[in-house]
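Student: Okay, predicted coordinates and the sequence, questions at the end:
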Amino acid sequence: MDRRTLLKSLVAAGTVGLIPHDAFAAWERVASGLVPTDGLTDAQLARIGAIADMILPRTDSPSATDVGVPAFVNVIVSENYSDAERSTFIADLDELDPDLIDEIEAMKNRRSEPARTYWRLKDLIIHGYFTSEPVMDNVLHYVVMPGKFDGAAAMPVVLQRSNHG
Amino acid sequence: MADVTNFDAIVVGSGISGGWAAKELTEHGLKTLVLEAGGPTDPNTDFVEHVQPYEMHFRGLGDRKLLERDHPIQRECYACDEMGHKFFVKDAENPYTAPDDAPFRWFRGRQVGGRSITWGRQVYRWSDLDFEANAKDGHGNDWPIRYADIAPWYSHVERFIGITGANEGLSQLPDGEFLPPMPMTVVEEFARPKILAAFGGERVMTIGRAAILTKDHNGRFACHYCGPCERGCITNSYFNSIGSTLPAAQKTGNLTLRPNSVVAEVLYDPKRGVARGVRVIDANTMESREYTTRLVFLCASAIESVRLLLLSKSTRFPDGFANSSGIVGRYVMDHHYGSGASGTVPGFTDKRTTGRRPNGIYIARFRNVKTAHPDFLRGYGMQGGSSRSGWSRGGRMLGYGADFKNSLINDLGPWQLSASGWGETLPNPDNRVTLDDSVKDKWGIPAARIDVRWRDNERAMDRDMQTAMAEMLDAAGCTDIRTHGSTNPPGHCIHEMGGARMSKTPEDGVLNQWNQAWDVKNLFITDGACMASNGCQNPSITYMALTARAVDHAVAEMKAGAL
């Protein structure tokens, strides 16, 4: 069976995803590089973990820290943010007491301190959670090669073929 | 290969147009050299459409510092992301300039396959409404062809590459030879008849027509709905040159493909009055060499082909190759796009989509089709789609905890329906590409200077896109309707056209009705540079059809001894 025929059968079966060559290199980088050299401190990561698990606690599905969300936030803040953005993030993080989450959520102006960082962080936490492998595989049941498109499929959400995300 | 320097035909560029030129020329038995400025593409390692977010270091958010360093301009294109940036040029190596008050975005892909790897895949035939537009309102010159001249070539292209779509019987958007249409979503099916009824049948929402296979076709496989086509396709389900036209050319045994070959000049033979070949700089060694030929096809993309003409000066052509008209570089266009509206469709919460449809809905042009609009000439088509946002809405949603999490997993949020316009730009001689001799690219070649501006007609049309779409959403029963105005500068749509337009007379343009240079009979230009107006349809299929038609003519002239 050549590569194309194999692929064809995989598509028809709708069950198995294909990970091309590049993916392995990408994955090795993720596996080995999730801790930036100039990253957030353990205390900062612990606070991010506490907030993340308040937003996305462990239920019948994993919690945010169960799937490594703080490490992902660390990568974005340490490697993608500009110096100014990172300084703001770190300064505001001190004020993001998990006990005050109700007050912060209730703040009308989402651009004020520390709400601006809370909403950026919340967005990152949710992105990191739902793009993690355990959640994509076991919670969203994400299928890499669905094999068909249905524009009027019936709910519920959790199906063999999901287009979450 | 290294020793052969003479070919029956030379094609500059290996993308959508170049691939078609290569296929048609080689199938006619011509020994053909395809020159590609960028490096080779290997689908087995370069196509990364199945890499999942958790396999990417930045989870799909992009390596911002790398993108800012290597692709400060290219990164504004949605496809130039964490995985796809390799299909875009490095801006520092490929500079261009623009006036401070006229920004232009030039998104470029230099690799075998060109921008056919990352293109948007939407394909719409032009109609006589488009080919007659310049003649009727006096902007630009009259096209030397009409729909009947190109229609059989549209069919020729459609049959080979495979197009999904639905025929609607519209005079302004001719039917084609389509594979089965992709399904609409439940809310698109709901909205279509409501919009038809509200506007007397003039506003037709149809499923997008796309160069994507909905069933196996010509040895390529049907789409498996993985989603991100712009990263490549290991099953060849969407059309690009490396999976379709270039392999067909290869099969003839007549193709020589030379990557890393930056064409710096078209060479003129003053005795015979023809293009005798091209001068190439090896992208890696910087070595310069010449290739000779009987026939030259420029398929390098509109601005690259214009730049090449302007770079190729001689006693006969002091202002650029084949430029006795002085029109080379003038009448450059792009679609102004992105203004429209979005809204919430109430209900249908028991329905969802499965699979990721790499296509949307299309609303055929309805302005200035039957009645004249008071505010602007020409028209626009609208492209959009519908979806439920799923977990991605969570970052803006109030709440936290188990119930919040549960709602992101088990409730997809409301249906959103949106669309934006793709509008025709009036041909204008001041929208112009010249050379900037003060700036040179990595290979020492003077950069293009691009001065293209939106004007009043485009701005008036942008405003109408917003109100018209809002009206349609209202007719479809949407709530929370919001309009959006586009701030995209010219070039952003990546539909750059013009600069070497076709014309009825040698004084009025650069190319005749066969895409053949008036001044140099063995030079053909079949990329976007040839366009005398720009319609509102996505243009690639028109380049493909014109390319095949031009090759047919060139081969006939060769056989008749005229070339």
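Tutor: That came through fine.

Student: Next to chain A in this structure, residues from the stretch 51-200 of chain B, please.
Tutor: Contact residues, the stretch 51-200 of chain B versus chain A (CB under 8 Å from any CB of the partner chain): B:51-65, B:83, B:182-186, B:188-189. Placement of C-beta: from N, CA and C, glycine included.

Student: Let's see which of the residues you listed end up in helices.
Tutor: B:Arg64, B:Lys65, B:Val186, B:Glu188, B:Glu189 (DSSP state H).

Student: who touches the last one in this structure?
Tutor: Spelled out, that is B:Glu189. A:Gly151, A:Ala152 (CB atoms under 8 Å, 6 or more residues apart in numbering or on different chains).

Student: Please tell me how far it sits from B:Ser237.
Tutor: B:Glu189 sits at a distance of 24 Å from B:Ser237 (criterion: CB to CB, to the nearest Å).

Student: Repeat that for the fourth one.
Tutor: The spacing between B:Glu188 and B:Ser237, counted by CB to CB, is 22 Å.

Student: And the third one, by the same measure?
Tutor: From B:Val186 over to B:Ser237 the distance is 24 Å, taken as CB to CB.

Student: For the two, indicate the residue with more neighbours.
Tutor: Neighbour count, other CB atoms under 10 Å in any protein chain shown: between B:Val186 and B:Ser237, B:Ser237 has more, with 25 against 21.

Student: Touching, the more buried one and B:Gly219? I think so.
Tutor: No. Counting by CB atoms under 8 Å, B:Gly219 is not a contact partner of B:Ser237; they are 11.8 Å apart.

Student: Which residues belonging to stretch B:34-53 are considered buried?
Tutor: B:34-38, B:41, B:43, B:46-53 (16 or more other CB atoms under 10 Å in any protein chain shown).

Student: quick check: mean pLDDT across stretch B:178-195?
Tutor: The average pLDDT for stretch B:178-195 rounds to 98.

Student: Using PDB, write out every CA atom in it.
Tutor: The C-alpha coordinates for stretch B:178-195 follow below in PDB (Å, rounded to 0.1, in the frame of the first residue of the first chain):
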ATOM      1  CA  PHE B 178     -18.600  22.000 -11.100                       C
ATOM      2  CA  LEU B 179     -18.100  19.100  -8.800                       C
ATOM      3  CA  PRO B 180     -20.800  18.700  -6.200                       C
ATOM      4  CA  PRO B 181     -21.300  21.700  -4.000                       C
ATOM      5  CA  MET B 182     -20.200  21.700  -0.300                       C
ATOM      6  CA  PRO B 183     -23.200  21.900   2.100                       C
ATOM      7  CA  MET B 184     -24.400  25.200   3.500                       C
ATOM      8  CA  THR B 185     -24.900  25.300   7.300                       C
ATOM      9  CA  VAL B 186     -28.400  25.200   8.700                       C
ATOM     10  CA  VAL B 187     -28.400  28.900   9.200                       C
ATOM     11  CA  GLU B 188     -27.100  29.700   5.700                       C
ATOM     12  CA  GLU B 189     -29.900  27.500   4.300                       C
ATOM     13  CA  PHE B 190     -32.300  29.500   6.400                       C
ATOM     14  CA  ALA B 191     -30.900  32.900   5.400                       C
ATOM     15  CA  ARG B 192     -30.700  32.300   1.600                       C
ATOM     16  CA  PRO B 193     -34.500  32.300   0.800                       C
ATOM     17  CA  LYS B 194     -35.200  35.100   3.200                       C
ATOM     18  CA  ILE B 195     -32.600  37.300   1.500                       C
END
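
Student: Return a ChimeraX selection command for the buried portion of the residues of the stretch 51-200 of chain B next to chain A.
Tutor: With 16+ other CB under 10 Å as the criterion, this ChimeraX line picks the buried residues out of those:
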select /B:51,52,53,54,55,56,57,58,59,60,61,62,63,64,83,182,183,184,185,186,188,189
